[in-house]
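Asks: how would this look folded up:
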Amino acid sequence: MSAISQKQATGGCLCGAVRYRILGGLRGVVHCHCSKCRRFHGTFSAYTGTSMENLQFVEDRGLKWFRSVTDETPNVHRGFCAECGSSLFWHPRDQTMIAVSAGSLDEPTGLRVMGHSWVSQKGDFYEIRDDLPRYARGWERSERVS
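Replies: Numbers count the residues shown, from 1 in each chain. Presented below is the predicted three-dimensional model:
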């Protein structure tokens with residue numbers, strides 16, 4: 001994981017019932033094309049990532065966690081706002097890293113897309129039209145396909 005920013009970042013859901021700040025590095029954005037992210041987000045996801053110790057909640061009255069038992073990664077929980085429905089986090093509970101929905105960050109983010117994961121499950125209604133790295137399964141956990 002390459003951290004591209006050490007500054008403080010802030011973000012939250014659409015209605016304000018979840019607000020957070022990140023004090024530390026953020027990874028570049030990965031587009032995840034897995035079937036679970038497509039159902040959770042409505043299309044592929046755009047996640048950055050940071051260490052759990054860097055994430056602080058300013059407001060969490062709307063934050064709910066859903067244990068995603070169909071994910072290929074064990075013990076994954078997806079965080080969302082129960083009031084407005086914004087999808088915000090992806091967290092394997094046995095790992096120190098948490099994925100943060102890039103669209104939930106306040107701008108400017110300074111982030112750039114660095115590649116695609118789970119292209120083996122990509123939806124049939126869109127094409128990937130860039131030359132960024134693509135992985136058949138999880139980010140850097142499987143063979144690169146292009």
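Asks: tally of neighbours for Arg93?
Replies: Counted by other C-beta atoms under 10 Å, the residues lying close to Arg93 total 12. In this view, the C-beta of every residue, glycine as well, is placed from N, C-alpha and C.
Asks: Am I right that it is in contact with Gly79?
Replies: No. If you go by C-beta atoms under 8 Å, Arg93 and Gly79 don't touch, sitting 11.4 Å apart.
Asks: ends of stretch 73-90, how far apart?
Replies: End-to-end distance for stretch 73-90: 11 Å, by C-alpha to C-alpha, to the nearest Å.
Asks: neighbouring contacts of that stretch?
Replies: 12-15, 17-18, 37, 40-41, 45, 47, 61-68, 91-94, 98-101, 104, 138 (C-beta atoms under 8 Å, 6 or more residues apart in numbering).
Asks: which parts of it are buried?
Replies: 76-81, 83, 86-90 (16 or more other C-beta atoms under 10 Å).
Asks: Please produce a markdown table containing the residues you listed, extended by pLDDT, distance to Gly24 and secondary structure.
Replies: Output for the buried residues of stretch 73-90, formatted as a markdown table (pLDDT from 0 to 100; distance: C-beta to C-beta, whole Å; DSSP: H, G, I helix; E, B strand; the rest coil):
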| residue | pLDDT | distance to Gly24 | secondary structure |
| --- | --- | --- | --- |
| Val76 | 92 | 22 | strand |
| His77 | 95 | 21 | strand |
| Arg78 | 95 | 22 | strand |
| Gly79 | 97 | 18 | strand |
| Phe80 | 97 | 23 | strand |
| Cys81 | 98 | 23 | strand |
| Glu83 | 98 | 27 | coil |
| Ser86 | 97 | 22 | coil |
| Ser87 | 97 | 22 | strand |
| Leu88 | 98 | 18 | strand |
| Phe89 | 97 | 16 | strand |
| Trp90 | 95 | 18 | strand |
